[in-house]
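Visitor: Predicted model, plus sequence, below.
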Number of protein chains: 2
Amino acid sequence: MALPKVGSIGEYIRDQRQQAKISLRQLAAAAGVSNPYLSQIERGLRKPSAEILNQIAKGLRISSQALYVQAGLIEDREPPSDVITAIRADAHLSERQRQVLIDIYESFRKESQAEDEQTSQNARPRHDSGPDDEPPLPEEFLAALEPYAATSRNGDVTQETKEG
Amino acid sequence: MALPKVGSIGEYIRDQRQQAKISLRQLAAAAGVSNPYLSQIERGLRKPSAEILNQIAKGLRISSQALYVQAGLIEDREPPSDVITAIRADAHLSERQRQVLIDIYESFRKESQAEDEQTSQNARPRHDSGPDDEPPLPEEFLAALEPYAATSRNGDVTQETKEG
DNA sequence: GCACTCCGTTTGCAATTGCTAGCACTCGGA
DNA sequence: TCCGAGTGCTAGCAATTGCAAACGGAGTGC
């Protein structure tokens, strides 16, 4: 992948600014930075801090993330390819919580694997073919979770998952 | 208060580092920054550039975006959790397993949220276990998991948090 | 020609980042 | 006891950021 060279962020900003048809000074004022500095940024002579970058993004009315990606400050929006990577990347979890989730996930994977082998041996129907294969309900987990996390077991699940 | 004050990013980094049980010097080495500087960042004496922030995020194995949000460099428009997306996309899981993982994940998230609102200082709302500063180990979960999944409880998690 | 306004740029300078070297402290072993 | 390895922190410095002031050029009106 092309290295995010320092100049590219400047070119990108200048490009966006010109597309918006505003002058350097206007953008500088809107972003709250000095015009000389913005000029130097656009020409790749200076490497702006994230704070300045953020202000410029606001002045340009574009997403900060796009600018950070251009600046090479965010790995090009890595898709959450697998569960473990996503868990690892989730900064809202504590290390221990991460480990618990990963443990459970891996045990699930092992279970599926075992079933898969069984299937090939005994030609057993897959578990999703019928609901009669019901394993114990998640309540067991949530019960075990209780000392650990304040979980709304099955009582009032009024907390919806959506957010914002 | 609700504003992302400058010091909070340092507290957040220190918190994540301590939860990961690595020393300041270890994280500094992993992130490629000097230990004194990381120390100052954690104490809120310095405002790290986005580049440094990015390296620290890598050292902590968390997403750069989460760190930028903490630093107030990205509007907290939190997209739906990547973890849930990844779980939903995992074809190896049964629907029930998916639901269990999502339930646990969300309960963790709620717990963190509650802690955060309660006080950003100590992260031990309940359950004082005495001299041993270890909260209950994941074994509890895995024990509860036993009837459900064929889990290798003693099996160490092969994913180690350190890496050469 | 002259004055005025806008454009982007160059020139110094204070403030800050981020580093190396070194300090003080704790723990375990000879 | 001292020694070595580990922890985090302070002091001082080079390099960089980000700014105010000033510059040359283009356009407009008198």
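Guide: Perfect, thanks for sending it.

Visitor: Ramachandran angles for A:Ala29?
Guide: phi -70, psi -40 (degrees, to the nearest 10).

Visitor: cool, and the one 5 residues further on?
Guide: Torsion angles at A:Ser34 (phi, psi; degrees, to the nearest 10) stand at phi -80, psi 150.

Visitor: That one: what's it in contact with?
Guide: Contacts for A:Ser34 were tallied using CB atoms under 8 Å, 6 or more residues apart in numbering or on different chains; they are A:Ala28. No exception for glycine: its C-beta is placed from N, CA and C like everyone else's.

Visitor: Find me the pLDDT at it, would you?
Guide: pLDDT for A:Ser34: 97.

Visitor: What residues does chain A have near DNA strand C?
Guide: When proximity is defined as CB under 7 Å from any atom of the strand, chain A approaches DNA strand C at A:23-26, A:35-36, A:39-40, A:42-43.

Visitor: For these, pick the one with the most neighbours.
Guide: A:Glu42 (22 neighbours; other CB atoms under 10 Å in any protein chain shown).

Visitor: A:Arg14 versus that residue, what's the distance?
Guide: From A:Glu42 across to A:Arg14, the span is 4 Å (CB to CB, to the nearest Å).

Visitor: what do you get for A:Arg46?
Guide: Taking CB to CB, one finds A:Arg46 at 13 Å from A:Arg14.

Visitor: Please apply the same query to A:Ala57.
Guide: 14 Å.

Visitor: quick one: which of those two has more around it?
Guide: Using other CB under 10 Å as the criterion, A:Ala57 and A:Arg14 rank with A:Ala57 on top: 22 against 18.

Visitor: Can you give me every residue that contacts the more buried one?
Guide: So A:Ala57 contacts A:63-64, A:66-67 (CB under 8 Å, 6+ apart).

Visitor: thinking again about what came up before, take the residues of chain A next to DNA strand C and keep only those in helices.
Guide: Residues of those located in helices (DSSP state H): A:24-26, A:35-36, A:39-40, A:42.

Visitor: and the two most separated of those residues?
Guide: Distance extremes for these: the farthest pair is A:Gln26 and A:Gln40 at 16.9 Å, using CB to CB.

Visitor: per-domain residue ranges of chain A.
Guide: Following automatic domain parsing, one finds the domains of chain A at A:6-70, A:95-145.

Visitor: for chain A, what helix or strand is lowest in average pLDDT?
Guide: Between all helices and strands in chain A, the lowest mean by mean pLDDT, DSSP states H and E belongs to helix A:139-145, at a mean of 44.

Visitor: In this structure A:Arg46 contacts A:Tyr37, no?
Guide: Yes. Here A:Arg46 reaches A:Tyr37: they are 6.7 Å apart, a contact under CB atoms under 8 Å.

Visitor: buried residues in stretch A:62-70?
Guide: A:62, A:64-65, A:67-70 (16 or more other CB atoms under 10 Å in any protein chain shown).

Visitor: Now cross-check the residues you listed against DNA strand D and list the overlap.
Guide: Answer for those near DNA strand D: none qualify (CB under 7 Å from any atom of the strand).

Visitor: interface residues of chain A facing DNA strand D?
Guide: With CB under 7 Å from any atom of the strand as the criterion, chain A meets DNA strand D at residues A:32-37, A:40, A:46-49, A:51-52.

Visitor: Name the nearest of those residues relative to chain B.
Guide: Each of the residues of chain A next to DNA strand D was checked against chain B using CB to the nearest CB; the closest is A:Ser49, at 5.0 Å.

Visitor: I'd like to know how far the closest residue to the closest one other than its chain neighbours sits from A:Ile9.
Guide: Of all residues not flanking A:Ser49 in the chain, B:Ser49 sits nearest, at 5.0 Å (CB to CB, 6 or more residues apart in numbering or on different chains). Look at B:Ser49 and A:Ile9: by CB to CB, they are 13 Å apart.
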